[in-house]
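J.: just need the structure, nothing else, for what follows:
(one chain, ligands or ions: 2)
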Amino acid sequence: MTRKKAVVDAAIARAGQDKGLLLMLTGNGKGKSSSAFGMVARTLGYGLKAGVVQFIKSRRDTGEEKFLGGQPDVQWHVVGDGFTWETQNRDADIATAQRGWAVAQGLLRDASLHLVVLDELTYLLNYGYLDAQQVCADLAARPAMQHVVVTGRAAPQCLLDIADTVSEIQDTKHAFRAGVRAQPGIDL
Ligand code: ATP
Ligand code: MG
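T.: Numbering: from 1, shown residues only. Ligands and ions are numbered 1, 2, ... in the order given. Just a heads-up that it's a prediction; the model follows:
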């Protein structure tokens, strides 16, 4: 334990930098968006501001929007409604995605935002609705101290390459497959 403490203390001493981070929360398991909203709560705890863009949203009555969306230090934007499987119109989906990215670009230029969450962004890149190179360039050009969390399954390689922290959440078990519907406070 003494040796372990020395190793941990040395690692902490080496990590003395501050930086605006890009975090990628991906994988098939539950916990990507809820982790991102946990970081919004942490940010607000310091009296700092956050912006959230939800790119795919089939319901408007989630706990995160009810609570965080009403906070004075949070900008909350829902810019997509379901996409493909609801609209069945690729051109309309592309237009929606591009309007949504314009909203995100506004947040990525706003240095007063300590944290920006781009929730479910990966789907728009995977479907080819947004140009991954453009998105990565806009992320790279953000204010130096701004943190960004991107969520969604199947993160494209260019995002993984520029991210500082990548967590892939594994789907070991999910109650939905045992017939349990989405539970308020847990799933929505
Ligand atoms: P959460 O918002 O709960 O953190 P998530 O962002 O990791 O979930 P999404 O793919 O965005 O996952 O799906 C959101 C909804 O789908 C939530 O209600 C979540 O519980 C549910 N869900 C997530 N992963 C799975 C899974 N592997 N099987 C079934 N349902 C899932
Ligand atoms: Mg999610």
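J.: secondary structure element for the closest residue to Thr165 other than its chain neighbours, which one?
T.: Counting by C-beta to C-beta, 6 or more residues apart in numbering, Leu23 is the residue found nearest to Thr165 once chain neighbours are left out, at 4.5 Å. Every residue, glycine included, has its C-beta placed from N, CA and C. Taking DSSP states H and E as the criterion, Leu23 maps to strand 22-26.
J.: any idea which helix or strand comes after that strand?
T.: Per DSSP H and E, strand 22-26 leads on to helix 32-45 as the next helix or strand towards the C-terminus.
J.: name the residues of the chain found near ligand 1, please.
T.: 28-34, 151, 171, 174, 176, 182, 187-188 (C-beta under 6 Å from any ligand atom).
J.: does the residue nearest to Thr165 really touch Thr151, like I thought?
T.: No: when contacts are counted by C-beta atoms under 8 Å, Leu23 is not listed as touching Thr151 (9.0 Å).
J.: returning to what we had before: in the sheet, who's paired with the residue nearest to Thr165?
T.: Val149, Thr165 (DSSP bridges).
J.: show me where the chain has its strands.
T.: For the chain, the strands defined by DSSP state E occupy 22-26, 49-54, 74-78, 113-119, 147-151, 165-168.
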